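Novice: Sequence and predicted model, in that order:
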Amino acid sequence: MDDYIRGNLDRFDTEEPLSGHFERFTGRLNQSAKQRILRPWITLLKVAAVLLIGLVITYAALREFNILKDASGAYLGSTDPELNEAVQYYTTQLNNSYDIIKKLRFNNDQDEKKQVLDELSEMDKQVQSMERDLQQNPSDERVVHAIINFYQVKIEMMDMIIARAQQTSTSIL
């Protein structure tokens, strides 16, 4: 094929492009350069639209399946007002105890303080597991009693930690 083209070069060079060919070609090059400038903005807008739609769908799914907690501390999956009131009460008590523990000095041993707070955080994971069980079985009173009992035990334990930490700090002084 290469030999045929080299042997017949005069047949391939006979036609000239139509008039204005180079102007049209330059115009198309300029137009494609303008499109390359606009392309990142269009891509960015597409990504933003997809993210917005994803957030709306996620919010709707969470709201529909009662995964979010009410602002008052009540569980949306639970219709038991007594449980909601108890959880709100115990949460307030726990928050107060957390604040007191965070202010305690623990004989200036920050590692011990961090360890106590980490252990309390681990206990919160257990109650979250029970809350998921309650969402799956809202009428199971055993889960409700287990949650309330857990809060009571945790408050008692935090009170003991506070009492012992305060004892050691006052006995040193």
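Specialist: Yep, that arrived.
Novice: What are the buried residues along the helix or strand harbouring Glu85?
Specialist: If you go by DSSP states H and E, Glu85 is part of helix 81-103. For helix 81-103, a neighbour-count test (16 or more other C-beta atoms under 10 Å) marks 83-84, 86-87, 90, 93-94, 97, 101 as buried. Any C-beta I mention is one placed from the backbone N, CA and C, and that applies to glycine too.
Novice: what does stretch 44-58 give?
Specialist: Of the residues in stretch 44-58, none is buried (16+ other C-beta under 10 Å).
Novice: So which elements touch the least confident helix or strand in the chain by mean pLDDT?
Specialist: One helix or strand of the chain scores below all others by mean pLDDT, DSSP states H and E: helix 9-12, with a mean of 75. Helices and strands touching helix 9-12, by 3 or more C-beta pairs under 8 Å, 6 or more residues apart in numbering; DSSP states H and E: there are none.
Novice: just checking, next helix/strand downstream of that helix?
Specialist: helix 21-64.
Novice: and that following helix, average pLDDT?
Specialist: Mean pLDDT, computed over helix 21-64, is 82.
Novice: Kindly report the same for stretch 106-119.
Specialist: 79.
Novice: I'd like the distance between Thr43 and Val50.
Specialist: Separation of Thr43 from Val50 (C-beta to C-beta, to the nearest Å): 11 Å.
Novice: Equivalent analysis for Pro138, please.
Specialist: Counting by C-beta to C-beta - Pro138 and Val50 are separated by 35 Å.
Novice: Give me the angle between whatever helix or strand Val143 lives in and helix 81-103.
Specialist: Using DSSP H and E, Val143 maps to helix 141-172. Interaxial angle, helix 141-172 versus helix 81-103 (axes from the mean of the first three to the mean of the last three C-alpha atoms, to 10 degrees): 20 degrees.
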